[in-house]
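Student: Below: sequence and its predicted model.
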Amino acid sequence: MKNKLIISSLCFAASLTLSAQKSATITINADQGKQIIPKEIYGQFAEHLGTCIYGGLWVGENSDIPNIQGYRTDVFNALKELKVPVLRWPGGCFADEYHWMDGIGPKENRPKMVNNNWGGTIEDNSFGTHEFLNLCEMLECEPYISGNVGSGTVEELAKWVEYMTSDGDSPMAKLRRKNGRDKAWKVKYLGVGNESWGCGGSMRPEFYADLYRRYSTYCRNYDGNQLYKVASGASDYDYNWTKVLMDRVGGRMNGLSLHYYTVAGWSGSKGSATQFSNEDYYWTLGKCREIEDVLKKHIAIMDEYDPKNHVALLLDEWGTWWDEEPGTIGGHLYQQNTLRDAFVASLSFDIFHKYTERLKMCNIAQIVNVLQSMILTKGKDMVLTPTYYVFKMYNVHQNATYLPIELNCDVTDVRDNRKLPMVSATASRDSEGKIHVSLSNVDLDNAQEITINLPGIKATKAVGEMLTSKNISDFNSFENPDNVKPVAFKEVKIKKGVLTVKLPAKSIVTLELQ
Ligand code: AHR
């Protein structure tokens, strides 16, 4: 059943009447913009999992695959264009079994380990601290180090911080210099454990809160480096975890994390990434949009304990999680990525932009070859996924001022008692004063005529790009890498301060107003 629903930036449903009309109206309140969308909302995550690091980001200097000092050239160039603001590493679950000293020094001397979390693959530690932090420098992004609390010692984590960031004559700085890096790196984000309620140590929140306090005490600020310490946060609907951490850790952390996946459940099949029904598609978007309610509830708890907003919320894992592709190695979480995944990205960003007073970073899982990735590789070949293109089309919103909008569109009931608006949108003004509007028509069958009121905005022209495809299950394969990619979008008119846009069924558009 389709209804008519009015959604404002505060997200309230104002009226419900039956309608078959395929049109929507939006008002952009340009005079109400005050909150900056931190670029870190567009963050990435790279774990030692499957072929994310080895084969995905890193092939080593001696590889036949073209590389820049060991980093794949094609992947590096694609990521450079994406303007990655922050990269989280080395996990995930891997982080709490990772011993950083195994990943420094001459490669031939680095010990191997079993990657117990992810398929029992042998990890040779050839990609370690230097390889990661140098990559961040080359990408010009902030590193986000995930420290080992589950199986590592306080001393080990403290020394890692010293190794990376101390410029003085300290023992760890000397060791770093011996390993070829003279100047300390700047490392801002430090995660003190990951999923400490699960793969990171199966702890109760009260116990973890004390461990956080202990570990973080010894993570020092060296030589002008200022750490931003992040406590391991809740999974999805676990509001008690957030409550206990806010109560017992409070201002000792700069940020508290949260993980939310668009996943059908943790046991049994999660569904195919590429073969799904229309009903499955709408369910996926309903589940993806539920993040809004989850964010609001965690934020409400944080507001209660921290009304002055000192502690940020960091959604440092999010995205779709499907069954692994048939024929791939179990535990490597390799999945294809269709136009459906692109909608999960666009709808998620439209929501994230609204909560940036508290929400300061989001890291999609993961950057290459794992879960909802930007890029897939096979040997020498690489494809950019539909999700990559959404990140690219949306990167104009990085560090721009969020402009609240009111949206009036059709709404559909979807499985699991969720409601799905057929149109999603967001708008921002960048530092040069340019306004960008992103629009998604999630309707599989109907185009939408969208009337956008622009009070107080002087614009006479709009140019943009559109991502769509014949089928919602279309994806980019190694045989057909350009199946789903953005095209110029022309179905737009501006007259007397009103913008009219004709959005085809299942399409995502970003416009620049001129
Ligand atoms: O992203 C894959 C895994 O999902 C991460 O390692 C873990 O933190 C989460 O459960």
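Tutor: It's in.

Student: What helix or strand is residue 208 located in?
Tutor: For residue 208, the host element (DSSP states H and E) is helix 205-217.

Student: list the buried ones in that helix?
Tutor: Under the neighbour-count criterion of 16 or more other C-beta atoms under 10 Å, helix 205-217 has 205, 208-209, 211-213, 215-216 buried. For the C-beta atoms, the positions are set from N, CA and C on the backbone; glycine is no exception.

Student: list the contacts for residue 505?
Tutor: Contact criterion C-beta atoms under 8 Å, 6 or more residues apart in numbering gives 441, 443-447, 468 as the residues in contact with residue 505.

Student: could I get those residues as CSV with secondary structure, neighbour count and distance to the ligand?
Tutor: Shown next, in CSV, are the contacts of residue 505 (DSSP: H, G, I helix; E, B strand; the rest coil; neighbours: other C-beta atoms under 10 Å; distance: C-beta to the nearest ligand atom, whole Å):
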residue, secondary structure, neighbour count, distance to the ligand
441, strand, 28, 30
443, coil, 22, 31
444, coil, 13, 29
445, coil, 8, 34
446, coil, 17, 35
447, coil, 16, 36
468, coil, 21, 28
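
Student: Residue 183 reaches residue 168, doesn't it?
Tutor: No. Counting by C-beta atoms under 8 Å, residue 183 stays clear of residue 168, with 11.9 Å between them.

Student: contacting residues for residue 29?
Tutor: Here residue 29 is in contact with 9, 403-406, 455 (C-beta under 8 Å, 6+ apart).

Student: and of these, the nearest to residue 92?
Tutor: Compare each of the contacts of residue 29 with residue 92 using C-beta to C-beta and the shortest gap goes to residue 9, at 32.9 Å.

Student: In terms of pLDDT, where does the closest one sit?
Tutor: Per-residue confidence at residue 9 stands at 36 (pLDDT).

Student: Check residue 267 too.
Tutor: At residue 267, the pLDDT recorded in the model is 89.

Student: what's the next secondary structure element after the helix holding residue 208?
Tutor: strand 228-235.

Student: all strands for the stretch 301-450 of the chain, in order.
Tutor: Using DSSP state E, counting those that start in this stretch, the strands assigned to the stretch 301-450 of the chain run over residues 312-320, 359-365, 375-378, 381-384, 401-402, 405-414, 418-421, 423-429, 435-441, 448-453.

Student: and those as TSV, adding mean pLDDT?
Tutor: As requested, the strands of the stretch 301-450 of the chain are exported to TSV (pLDDT from 0 to 100):
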stretch	mean pLDDT
strand 312-320	98
strand 359-365	98
strand 375-378	98
strand 381-384	98
strand 401-402	98
strand 405-414	96
strand 418-421	97
strand 423-429	98
strand 435-441	98
strand 448-453	96
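
Student: Would you reformat the ones you listed as CSV and include distance to residue 514?
Tutor: Putting those into CSV (distance: least, C-beta to C-beta, whole Å) gives the following:
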stretch, distance to residue 514
strand 312-320, 33
strand 359-365, 29
strand 375-378, 31
strand 381-384, 27
strand 401-402, 18
strand 405-414, 19
strand 418-421, 28
strand 423-429, 13
strand 435-441, 9
strand 448-453, 14
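
Student: Residue 115 contacts residue 47, doesn't it?
Tutor: No. With contact defined as C-beta under 8 Å, residue 115 does not reach residue 47; the gap is 9.7 Å.

Student: quick one, domains of this protein?
Tutor: 2-35+403-513, 39-399 (automatic domain parsing).

Student: can you tell if the last one touches the ligand?
Tutor: In this case it means domain 39-399. Yes. Legend: contact between domain 39-399 and the ligand by C-beta under 6 Å from any ligand atom is shown at 47, 91-93, 194-195, 317, 365-366, 371.

Student: Kindly indicate which of those lies nearest residue 264.
Tutor: The closest of the residues of domain 39-399 next to the ligand to residue 264 turns out to be residue 371 (C-beta to C-beta; 13.8 Å).

Student: give me every residue that touches the closest residue to that closest one other than its chain neighbours.
Tutor: Distances taken as C-beta to C-beta, 6 or more residues apart in numbering place residue 365 nearest to residue 371, at 4.7 Å, with adjacent residues excluded. By C-beta under 8 Å, 6+ apart, residue 365 lies in contact with 45, 47, 92, 261, 317-319, 321, 371-372.

Student: Buried ones only from those residues, please, as a PyMOL command.
Tutor: Once 16+ other C-beta under 10 Å is used to decide burial, the buried members of the contacts of residue 365 can be selected in PyMOL as follows:
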select buried, resi 45+47+92+261+317+318+319+321+371+372
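
Student: for the contacts of residue 365, which one is nearest the ligand?
Tutor: Set against the ligand, the nearest of the contacts of residue 365 by C-beta to the nearest ligand atom is residue 92 (2.6 Å).

Student: Return the residues in contact with that closest one.
Tutor: Counted by C-beta under 8 Å, 6+ apart, residue 92 has contacts 45, 47-49, 117, 146, 194-195, 317, 365-366.

Student: cool, residue 53 as well?
Tutor: Counting by C-beta under 8 Å, 6+ apart, residue 53 makes contact with 46-47, 127.

Student: picking up where we left off before, who does the residue nearest to residue 371 form a beta bridge with?
Tutor: Residue 365 forms beta bridges with residue 45, as assigned by DSSP bridges.

Student: State the next helix or strand along the chain beyond the helix or strand of the chain with the lowest mean pLDDT.
Tutor: The helix or strand of the chain with the lowest confidence, counting by mean pLDDT, DSSP states H and E, is strand 17-18 at a mean of 36. Secondary structure here is assigned by DSSP H and E; on that basis, the next helix or strand after strand 17-18 toward the C-terminus is strand 23-28.

Student: what comes up buried for stretch 48-65?
Tutor: Applying a neighbour-count criterion of 16+ other C-beta under 10 Å, one finds 48-59, 65 buried in stretch 48-65.

Student: Between the two ends of that stretch, what distance do you get?
Tutor: For stretch 48-65, the separation between the terminal residues is 20 Å (C-alpha to C-alpha, to the nearest Å).

Student: Quick one: mean pLDDT over that stretch.
Tutor: 98.

Student: what lines up beside the helix or strand hosting residue 122 in the sheet?
Tutor: Assigned by DSSP H and E, residue 122 belongs to strand 121-123. Strands flanking strand 121-123 in the sheet, each with its direction: strand 113-115 (antiparallel) (DSSP bridges).

Student: outside of the partner strand, which residues touch it?
Tutor: Taking C-beta under 8 Å, 6+ apart as the rule, strand 113-115 contacts 48-49, 94, 97, 99, 102, 120-123, 125.

Student: Pull out the buried positions in stretch 465-482.
Tutor: Of all the residues in stretch 465-482, those buried under the rule 16+ other C-beta under 10 Å are 465-469, 472-476.

Student: out of the contacts of strand 113-115, which are buried?
Tutor: Neighbour counting by 16+ other C-beta under 10 Å classes 48-49, 94, 97, 102, 121, 123, 125 among these as buried.

Student: could you redo these as a markdown table and give each row secondary structure?
Tutor: Listed next are those as a markdown table, based on DSSP: H, G, I helix; E, B strand; the rest coil:
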| residue | secondary structure |
| --- | --- |
| 48 | coil |
| 49 | coil |
| 94 | helix |
| 97 | helix |
| 102 | helix |
| 121 | strand |
| 123 | strand |
| 125 | coil |
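
Student: hmm, which two among those residues are most spread apart?
Tutor: Based on C-beta to C-beta, the longest span within these runs between 49 and 102 and measures 16.9 Å.
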